[in-house]
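Trainee: Structure of the sequence below:
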Amino acid sequence: MTAARPRTLRPGAARLRARAGRLVPRTLRARLIAGLLVLLVVTCAAVGFATTAALRHFLVDRLDQQLADTGGRYAASLEHTGQGGADTRAQPPGTFGARLLDGRATAAGVVDGDADDADRPNADDRVDLSAADQRALVALPVGGPARTVRLSGLEGPYRMQAVAGRDGDVLVSGLPLHQVEDTVERLTTLELTVFAIAVFAAGVAGALWVRWSLRPLDRVVATAERVSTLPLASGAVDLSERVPDDDPATEVGRVGAALNRMLGHVGAALARRHAVEERLRAFAADASHELRTPVAAVRGHAELALRHPGEVPEPVVHSLERIGAEAGRMGAIVEDLLLLARLDAGRPLADQEVDLTRIALDGVADARAAGPDHRWRLVLPEEPVLVRGDAGRLSQVTANLLANARTHTPPGTVVELALERVGAEVRLSVADTGPGIPPELADRVFERFVRGDRGRSRATGSTGLGLAIVQAVVQAHGGTVEAASRPGRTVFTVRLPAVPSPRT
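Mentor: Purely as a prediction, here's the structure:
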């Protein structure tokens, strides 16, 4: 048993479907107007068809009644054409008459009705009948209802009726349908004109009505669009936007009321989240600030104990050294947490002209001293690269990126720091040829306390805050930072606004 293959449209069918999709109205306003016009056109067509059919049926019935009233008198007069001609008196112009004998027409004529024949009441015009005309006349039921017949010798269709004659023959009488057709045609033209004007007027009025009726929905859309532009991710948002139309008696009012309730819940949730974040920031700042003093005291006492002039046992010396090292590490964590708390709180940084070229030179020199087993490269432009910001924090960004490359790559790895100016921005990138960022951490490298190697020794001094500080400092300077990694190449790129070049 084989699986059914999905149907694929041929290019021509696909183009037709795409073209049909473009012709179908997509907005609610266009669909309502199109639906109104389609219903109106269908209604007008049905009314026009019904009135035209009823009028035609009425006029044909009157013609059949008039044909029955004549009683075949004109056709009967054709029996005596040799004694003075056919009697055309009291016969309307265009009246047809024929005498059938032994299955064929022996005489046929039509009343001319010209003004010149007024003084010649017995005058008639002969009609030459073809074989097909003969068969059509013979096929008429004798004594039956009138039928519509077309003869080659007559202009237009006729209503004809056959009756039995006195001499064993069949007399056929007919009246033209051109007056009926003309009347129906004039009615059709009038209806088309009136209906076209009515559809156009209804389309214009319907468009205005639909536009006016959908104004509450437009206000709902406008409110949703304004809310969508608010920076909801920041938390500190005044979500006071509301839909003015909230009448529960209308569909749009129910939608507006539901949207207002949703906005109220979202606003309350954002306010609670913002309050929690503010408390967390305040706690982190206060805790970091309060921890600085005891950590410094612990470290100071450990160093003081190591300087004791008396003999200290080796285990005690080792313990004091470990206390000092861990106290130093804890102090670095406290400083990082305090810096992040200040940046989260929006504390302003220094605003001065900073030469990133000098920062890059010093950063690579320090990294080369800290990691002599790595191969360090520096790519700088010929002209100094200047930005506005805090020189100390930007130096920390460069140092953290270089330290991150040194910590997470094996000895012998090539680490390159490149600096360039592109248009109105400055790009600082740190690339290495190490193993790359693990895929499960690729989207979280800038989060706090995220470690690239969870099982490595903490003696490396990594706290998981370095890249978080990089992102916070760069964003505080109005820039962006991003990471791209694959096995054999990892690049961290910082983009900062450049200082405008002086005009010459």
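
Trainee: And residue 313, how far from residue 305?
Mentor: Using C-beta to C-beta, to the nearest Å, residue 313 is found at 12 Å from residue 305. For the C-beta atoms, the positions are set from N, CA and C on the backbone; glycine is no exception.

Trainee: That should have said residue 441, apologies.
Mentor: Relative to residue 305, residue 441 is positioned 40 Å away (C-beta to C-beta).

Trainee: the more surrounded of residue 313 and residue 305?
Mentor: residue 305 (15 against 8; other C-beta atoms under 10 Å).

Trainee: What residues does that one make contact with?
Mentor: 312, 320 (C-beta atoms under 8 Å, 6 or more residues apart in numbering).

Trainee: Quickly find the element holding it.
Mentor: Following DSSP states H and E, one finds residue 305 within helix 251-306.

Trainee: Show me how far that helix is from its chain's centre.
Mentor: Taking C-alpha atoms, centre = their mean, to the nearest Å, one finds the center of helix 251-306 at 39 Å from the center of the full chain.

Trainee: Sort out which residues of the helix or strand following that helix are buried, please.
Mentor: Later in the chain than helix 251-306, the nearest helix or strand by DSSP H and E is helix 314-344. Buried residues in helix 314-344, defined by neighbour count with 16 or more other C-beta atoms under 10 Å: 320, 323-324, 327-331, 333-344.

Trainee: just how off-centre is helix 314-344 within its chain?
Mentor: For helix 314-344, the distance to the chain centre is 55 Å (C-alpha atoms, centre = their mean).

Trainee: pLDDT on it, on average?
Mentor: Averaged across helix 314-344, pLDDT comes to 77.

Trainee: ok and it relative to helix 251-306, angle-wise?
Mentor: Counting by axes from the mean of the first three to the mean of the last three C-alpha atoms, to 10 degrees, helix 314-344 lies at 150 degrees to helix 251-306.

Trainee: Report all helices and strands that helix 314-344 contacts.
Mentor: helix 251-306, helix 466-476 (3 or more C-beta pairs under 8 Å, 6 or more residues apart in numbering; DSSP states H and E).

Trainee: Which strand or helix spans the closest residue to residue 104 other than its chain neighbours?
Mentor: Sequence neighbours aside, residue 134 is the residue nearest to residue 104 in space, at 5.8 Å (criterion: C-beta to C-beta, 6 or more residues apart in numbering). Per DSSP H and E, residue 134 falls inside helix 131-138.

Trainee: counting contacts, what elements does whichever helix or strand comes after that helix pack onto?
Mentor: Tracing the chain past helix 131-138, the next element assigned as helix or strand by DSSP H and E is strand 147-149. With contacts taken as 3+ C-beta pairs under 8 Å, 6+ apart, strand 147-149 sits against strand 158-164.

Trainee: Just the CA atoms of the strand it packs on, as PDB, please.
Mentor: Only the C-alpha atoms of strand 158-164 are listed here, as PDB (Å, rounded to 0.1, in the frame of the first residue of the first chain):
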ATOM      1  CA  TYR A 158     -45.800  34.100 -35.700                       C
ATOM      2  CA  ARG A 159     -48.400  32.600 -33.400                       C
ATOM      3  CA  MET A 160     -50.300  30.200 -35.600                       C
ATOM      4  CA  GLN A 161     -53.400  28.100 -35.000                       C
ATOM      5  CA  ALA A 162     -54.900  25.400 -37.300                       C
ATOM      6  CA  VAL A 163     -58.700  24.700 -37.500                       C
ATOM      7  CA  ALA A 164     -60.700  22.300 -39.600                       C
END
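
Trainee: need the helices for the stretch 351-500 of the chain, in chain order.
Mentor: With helices called from DSSP state H, counting those that start in this stretch, the stretch 351-500 of the chain shows them at 356-370, 391-407, 466-476.
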